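Colleague: here is my input, please return the structure:
(chains A, B, C and D)
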Protein chains: 2
Amino acid sequence: MELQKGKERFIQSWGAFGSSWGINRTMAQVHALLLVSQESLTAEEIMEELQISRGNANMNVRTLIDWGLVYKDLKPGERKEYFVAEKEMSQVVKKIITERKKKELEPMIKILDEISSVEGVCKESEEFCKVVSDIKLFASKADTMLDKLVKADSNWLIGTFLKMVK
Amino acid sequence: MELQKGKERFIQSWGAFGSSWGINRTMAQVHALLLVSQESLTAEEIMEELQISRGNANMNVRTLIDWGLVYKDLKPGERKEYFVAEKEMSQVVKKIITERKKKELEPMIKILDEISSVEGVCKESEEFCKVVSDIKLFASKADTMLDKLVKADSNWLIGTFLKMVK
DNA sequence: CGCTAAATTCAATACTTATTGAAAGTATTG
DNA sequence: CAATACTTTCAATAAGTATTGAATTTAGCG
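Modeller: Residues are numbered from 1 along each chain as shown, chains lettered A, B, ... in the order given. Got it, this is the predicted structure:
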């Protein structure tokens, strides 16, 4: 496998994981493409490389920018926009955690709070009350932990992993 | 909101999060229903409660059993199967982590290894090599960390959360 | 065994989510 | 300010995923 094949493999695999991650497949491919590109790319180039439509390219680049995983790289004297990926991997990890937490964890905690704040639930059904409060306990711990990871400096991020695994 | 409404809300919300989690919506609802049921339920009862077909109920219960989140509760003298949820929440968390890791993390590490094991990648493109090995670093750390969480005893699970967040 | 209740399978179908591409919008240039 | 180069939007459509339910298989019982 030579370099070009390696890059293609990476792009295609990153896209496939996107799906199993609840992340749009094409968005993940665009991200992968920008990650392995030396130079920043135009919308045209992304469309060409990934064989996707203009609208699709635009929408997914925009979402990546919203996530903070891609930046606009405006070149003086050039009218069109170039896009470049955030390549500091600790930043990438933090930003993915932030977005997934927002979508997967926070709304859940909100609803668990609503359910368990109801008067008399624990009196009426100890079992239901316990299920809800146990889930809340784990969800809150996970939430706090992920917050710390995201707010910490980059060395701390990997350092925390190390601390946990030893 | 009285108890019954609370349970319904819980089932419906757990189902919605399932989706944003890459977990089948109905499977999550079946899980929620069993979590909040005092008694173990038959396929019929699940179909009835969630208004789903026999096939659907069967498939999702089976997947939950594969995940170790639900058990068969066979009653002597009764021909039909009853299903009951694992209610120890630390077990539930461990089992969900195990399955999501298997689907979301392990295949990724495998492919990153394949890509980076190729001769000359680093010579040909320092940048690509760095991207791949940085991702590998984080993925492996996460993998090891999750392994520890899953193998540890239940007190350690919540204890580790606490250790991290202080 | 054969009968029957229950579980499972799977092709057809419904539902959900992503993609296209032409039309509309916006900004730069001469 | 009109021509142009590019970006964004969005309704139509395609692709992907989940669900149904009738047909099939499996297992308990006399």
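
Colleague: look up how far A:L35 lies from A:D113.
Modeller: Counting by C-beta to C-beta, to the nearest Å, the gap from A:D113 to A:L35 is 38 Å. For every residue, glycine as well, the C-beta is placed using N, CA and C.

Colleague: these two - which one has more neighbours?
Modeller: A:L35 (25 against 13; other C-beta atoms under 10 Å in any protein chain shown).

Colleague: got a list of what the nearest residue to that one once chain neighbours are set aside touches?
Modeller: Excluding the flanking residues, the one nearest A:L35 by C-beta to C-beta, 6 or more residues apart in numbering or on different chains is A:A85, at 4.7 Å. By C-beta atoms under 8 Å, 6 or more residues apart in numbering or on different chains, A:A85 lies in contact with A:31, A:34-35, A:37, A:69-71.

Colleague: give me that answer again for 7 Å
Modeller: Applying C-beta atoms under 7 Å, 6 or more residues apart in numbering or on different chains, we find A:A85 in contact with A:31, A:34-35, A:69-70.

Colleague: looking at those, which are in strands?
Modeller: A:V70 (DSSP state E).

Colleague: out of the contacts of A:A85, the closest to A:V150 would be?
Modeller: A:L69 (14.1 Å; C-beta to C-beta).

Colleague: my guess is the closest one meets A:V93, correct?
Modeller: No. Assessed by C-beta atoms under 7 Å, A:L69 is found out of contact with A:V93, at 10.5 Å.

Colleague: among those two, which residue is more densely surrounded?
Modeller: A:V93 (23 against 20).

Colleague: do whichever strand or helix holds that one and DNA strand C meet?
Modeller: Using DSSP states H and E, A:V93 sits in helix A:89-104. No. Legend: contact between helix A:89-104 and DNA strand C by C-beta under 7 Å from any atom of the strand is lacking; minimum distance shown is 12.0 Å.

Colleague: try stretch A:32-40
Modeller: No. Taking C-beta under 7 Å from any atom of the strand as the criterion, stretch A:32-40 and DNA strand C are apart, separated by no less than 13.3 Å.

Colleague: gap between the two ends of that stretch?
Modeller: 13 Å (C-alpha to C-alpha, to the nearest Å).

Colleague: any buried residues in it, and which?
Modeller: Across stretch A:32-40, burial judged by 16 or more other C-beta atoms under 10 Å in any protein chain shown covers A:32-37, A:40.
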